[in-house]
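Novice: Just need the structure, nothing else, for what follows:
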Amino acid sequence: MGCVFMSNEFSPDLMTLIDDEGQEHLFEILDVIENEKGCFYALLPKSNVEEDNILESANYYIFEVIDGDDEPLLAEVEDSKLLESLERMFEAHFEELYDENEMDNNF
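Specialist: Next comes the predicted model:
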């Protein structure tokens, strides 16, 4: 199973998740990593999104794509070492993106 991620270049990519109590929560998809361990999403709760400095001022969550009965599901990463490794990978990618955006804005 591969990751499915379609980026909309002009607006944030949003995803609605339903928790165990049936409540819907809106998230912005910050990034997706697919590696030998699986497929992982970095999601930012939409209510915490600020126009600037999103990653500096808000907490994001990392979810793992798992096989569901009918469709793939997102679940919390339970392996603490894997979670720490994913955090480092996402943070490094965020820094790259931030640096690229800064360079683009300077031209």
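Novice: By mean pLDDT, point me to the weakest helix or strand of this structure.
Specialist: helix 54-57 (a mean of 51; mean pLDDT, DSSP states H and E).
Novice: quick one: contacts of whichever helix or strand comes after that one?
Specialist: Per DSSP states H and E, the first helix or strand lying C-terminal to helix 54-57 is strand 61-67. For strand 61-67, the surrounding residues in contact (CB atoms under 8 Å, 6 or more residues apart in numbering) are 1, 3, 27, 38-45, 72-77, 83, 86-87, 90. Backbone N, C-alpha and C define where each C-beta goes, glycine included.
Novice: how big is the angle separating the helix or strand just after strand 61-67 from strand 61-67?
Specialist: Proceeding N to C from strand 61-67, the next assigned helix or strand is strand 72-76, under DSSP H and E. Per axes from the mean of the first three to the mean of the last three CA atoms, to 10 degrees, the angle that strand 72-76 makes with strand 61-67 is 140 degrees.
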